[in-house]
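Engineer: 3D model of this:
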Amino acid sequence: MKVVIAIDKFKGSATSQQLAQVIGEEFLSLCPDAQVVAVPIADGGDGTMECIKSILGEKAKSCHVSVKAPLQQLPQVEAQYVINGDTAYMDLATASGLALVPNECRDVMKSSTFGTGEMIAHAVFRGAKHIVLGLGGSATCDGAMGILAALGFRFIDKNNNILVPCGENLAKIDHIDSDNVDKKVLDAHLTLLSDVDNPLYGDNGAAHVFAPQKGASPEQVELLDEGLRHYAILLPSHIASMPGAGAAGGVTAGMMAMLNSTIKPGIEVVLEMAHFDDLIADADLVITGEGRIDNQTLHGKAPAGVLAAARKKGVPVIALCGCIASGTDIATMGFEKVIAVTPAGMPLEQALDNETTLHNVKVAINELCLNNLH
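Structural biologist: As a prediction, this is how the structure comes out:
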């Protein structure tokens, strides 16, 4: 029996690598004749760069750069990316992520992606011609104003003042000046890896869906949405409604409009890099999952990409998760099984503990093997 493990992180509790190791070890302890293959995966969310680094192995060279934090008052951030040939792989979350901002400091109106722009510039001016950027985990809703400002773009208000790049200033932009942007930046190709398909603004847009997760009040959500609507007027007409335009607080929209950029589902790029189709060609079972399975799972998340690839080969897929969101239509998703590993009644704080999570996954695999695979 060949089992392929392709599981995303359980955010806040266990990494993809930790989960794959526990699943593989438990599977082999119960089915010692099985062939177990672990594939590091991510879907464009935070952790994608580390996943790609693992896939590339010795070909990946790590690079470090000190950049501005998402908020001005916070100390500089030591951001990391990897480079292979003339392609640099990086996560927006490394420089502009929500995890870099203490809870008491969170301010999505003033947070900026400027540090990510500095990281991109660092790579470009060291010879990278292709930037692959994972978009998940941002602390921001600035429409890529910060990234673009760091790369030489200037956002000007009606009084000809240069605006600080942040969400609260989106509505004040009168025009965008690109005279100071270096040709190397304009010539570089950027591939944006997304795990969402939200448009730029509206009820399903960047502000309404994601800003509350970054600390925005209902009033701030409305202001940010109005700012993004205004911003959209300055961009090519098709940009705002593009699937994924609202990713990372509208970063996709700004970068697609101003730079040589394309957007792709992150999981598809990662699976292709890992030669996933070849790995599952003779597989009997694929195990995937993420921290929470919900109705968004099939909209660009890692388990959906794994499921789509496996179904083409006729391989059944079992999904593990920390929890299943209320109202999730599991029956129509296409998984052989969806298993929530957290015992009923376990407090959230305990469930998110790393050791507890890995123990719960081990128990779930044990029960799966004993009940279904013998």
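
Engineer: which residues touch the nearest residue to A60 once chain neighbours are set aside?
Structural biologist: The shortest distance from A60 to any non-neighbouring residue, by CB to CB, 6 or more residues apart in numbering, is to V82 (4.2 Å). (C-beta placed from N, C-alpha, C; glycine too.) With contact taken as CB atoms under 8 Å, 6 or more residues apart in numbering, V82 is in contact with 49, 52-53, 56, 60-63, 88-90.

Engineer: if we go to 10 Å?
Structural biologist: Taking CB atoms under 10 Å, 6 or more residues apart in numbering, we find V82 in contact with 49-50, 52-54, 56, 59-63, 88-90, 123, 132.

Engineer: can you give me the helices in this structure?
Structural biologist: Counting by DSSP state H, one finds helices in the chain at the ranges 16-30, 48-56, 92-96, 114-124, 145-150, 183-187, 206-210, 218-233, 247-258, 266-273, 276-279, 302-312, 348-351, 354-372.

Engineer: with mean pLDDT as extra columns, can I get those helices in CSV?
Structural biologist: Shown next, in CSV, are those (pLDDT from 0 to 100):
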stretch, mean pLDDT
helix 16-30, 94
helix 48-56, 93
helix 92-96, 97
helix 114-124, 98
helix 145-150, 98
helix 183-187, 98
helix 206-210, 97
helix 218-233, 98
helix 247-258, 98
helix 266-273, 95
helix 276-279, 96
helix 302-312, 96
helix 348-351, 93
helix 354-372, 91
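
Engineer: of all those helices, which one is nearest P75?
Structural biologist: Nearest to P75 among the helices of the chain is helix 114-124; the distance by CB to CB comes to 11.4 Å.

Engineer: ok, how many other residues are close to A60?
Structural biologist: Taking other CB atoms under 10 Å as the criterion, the count of residues near A60 is 17.

Engineer: ok, it - contacts?
Structural biologist: If you count contacts by CB under 10 Å, 6+ apart, then A60 has 49, 52-54, 81-84, 89 around it.

Engineer: repeat for G215
Structural biologist: The contact partners of G215, taken as CB under 10 Å, 6+ apart, are 98, 101, 103-109, 111, 139.

Engineer: can you redo the contacts of A60 as CSV with distance to G305?
Structural biologist: Below are the contacts of A60 laid out as CSV (distance: CB to CB, whole Å):
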residue, distance to G305
M49, 17
I52, 15
K53, 19
S54, 17
Y81, 23
V82, 21
I83, 25
N84, 22
Y89, 18
